[in-house]
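# Give me a model of this one.
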Amino acid sequence: MLKYQVISNEIRKRITTGQYQPKTMIPDQKQLAAEFGVSMITIKKALDGLAREGLIYKKSGLGTFVLGKIPLGDKYDSPANAFDGLSSQQGKGQISTEVIKFAPVFPSLVVAEKLDCTVSDTVYEIVRLRRLNGAPFILEHTFMPVRLVKNLTEDVIKKSIYQYMHKQLHLKFGGAYRKIHAAIATPYDIKYLGADKQTPMLEVEQVVWLENGDNVEYSKSRNLYNRRSYTVIDVNDF
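Numbers count the residues shown, from 1 in each chain. Model (predicted):
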């Protein structure tokens with residue numbers, strides 16, 4: 001577990017146990033950095049993750065406050081702007097992966113446009129069924145440029161591609177564009193997620209780019225309408 005994740009877990013524990021009360025200010029980043037013996041950048045990363053979860057919010061010029069319990073939340077929900085991957089969100093012990101397809105291919109015109117590459121550039125095509133505690137949860141269809149995500153193996157994609165990219169390849173995400181919408185069930189949804197032809201599906205289509213602007217991922221993630229939602233926390237800082 002990375003340092004910022006350890007710190008996030010500790011602060012989350014302090015919030016859930018009442019050590020940090022709702023509507024009260026927590027120690028500032030400088031104090032937390034001194035307490036945990038890490039940089040303020042690491043503290044900021046830990047707090048940013050908690051803010052995405054809706055546990056805390058920042059007020060410009062004042063500090064960071066505990067938001068308190070949000071009545072709409074569900075433990076399987078994901079922040080719409082999360083970058084930590086499914087295993088980190090739900091816990092490695094809870095997520096297992098079935099690899100349906102993993103192969104280097106030449107992209108279609110649509111995929112090449114999304115990845116800002118040519119149809120002669122090789123990309124990985126990855127189809128994975130992610131199971132939560134053994135039950136079908138999310139079906140992912142992902143394309144990544146081979147030149148950027150080097151030496152990707154089936155062993156890696158059975159675990160966490162994002163962790164491999166961050167820890168082994170030292171790639172840093174710059175941002176993502178995500179479109180979340182309803183969809184009708186496909187034969188893959190029926191076969192792997194247990195949908196039928198009338199089951200509404202939720203799809204997240206995204207393009208992820210690196211700090212240098214290179215598009216590193218084009219993917220579609222699908223789940224049954226009642227298995228997972230995506231959340232956005234808005235705080236008025238005016």
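# For stretch 187-204, buried residues please.
Residues of stretch 187-204 classed as buried by neighbour count (16 or more other CB atoms under 10 Å): Asp189, Tyr192, Leu193, Ala195, Met201, Leu202, Glu203, Val204. In short, each C-beta sits where N, CA and C put it, glycine included.
# Which residues are in contact with the first one?
Taking CB atoms under 8 Å, 6 or more residues apart in numbering, we find Asp189 in contact with Leu139, Ala195, Thr199, Met201, Arg222, Leu224.
# before we move on, what about the last one?
With CB under 8 Å, 6+ apart as the criterion, the residues that contact Val204 are Arg178, Lys179, Ile180, Lys220, Ser221, Arg222, Tyr230.
# what secondary structure does the third one sit in?
So the one you mean is Ile180. Here Ile180 is recorded as strand under DSSP: H, G, I helix; E, B strand; the rest coil.
# now the protein, which segments are flagged as low pLDDT?
Along the chain, segments meeting pLDDT under 70 span 1, 68-76, 79-81, 83-93, 233-238.
# can you give me the helices for it?
Ranges of helices in the chain, per DSSP state H, are 3-16, 29-36, 40-53, 85-90, 109-115, 154-157, 161-167, 187-192.
# sorry, back to before: would you format the contacts of Asp189 as TSV with distance to Leu115 included?
Formatted as TSV, those follow (distance: CB to CB, whole Å):
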residue	distance to Leu115
Leu139	20
Ala195	28
Thr199	30
Met201	24
Arg222	20
Leu224	28
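# and which of the residues you listed is nearest Asp77?
Nearest to Asp77 among those: Leu224, at 14.0 Å, using CB to CB.
# could you measure the closest one against Leu129, distance?
Distance of Leu224 to Leu129, computed by CB to CB, to the nearest Å: 13 Å.
# and if you look at Val232?
When Val232 is compared with Leu129 (using CB to CB), they lie 27 Å apart.
# Asn151 now?
23 Å.
# neighbour-wise, which of these two wins?
Higher neighbour count among Asn151 and Leu129: Leu129, with 18 against 9, using other CB atoms under 10 Å.
# For the more buried one, give me its contacts.
Thr97, Glu98, Ile100, Pro136, Ile138, Leu139, Glu140, Tyr192, Leu193.
# Now, the contacts of Asp189 that are in strands?
By the criterion of DSSP state E, membership of these in strands covers Leu139, Met201, Arg222, Leu224.
# got the contact list for the third one?
If you count contacts by CB under 8 Å, 6+ apart, Arg222 has them with Ile138, Leu139, Glu140, His141, Ala183, Thr186, Asp189, Leu193, Met201, Leu202, Glu203, Val204.
# switch to 6 Å and redo it
Leu139, Met201, Glu203 (CB atoms under 6 Å, 6 or more residues apart in numbering).
# who does it bridge with?
On the basis of DSSP bridges, Arg222 is bridged to Leu139, Glu203.
# any idea how far it is from Glu113?
If you go by CB to CB, the gap between Arg222 and Glu113 works out to 21 Å.
# Check the first one too.
Going from Leu139 to Glu113 by CB to CB gives 23 Å.
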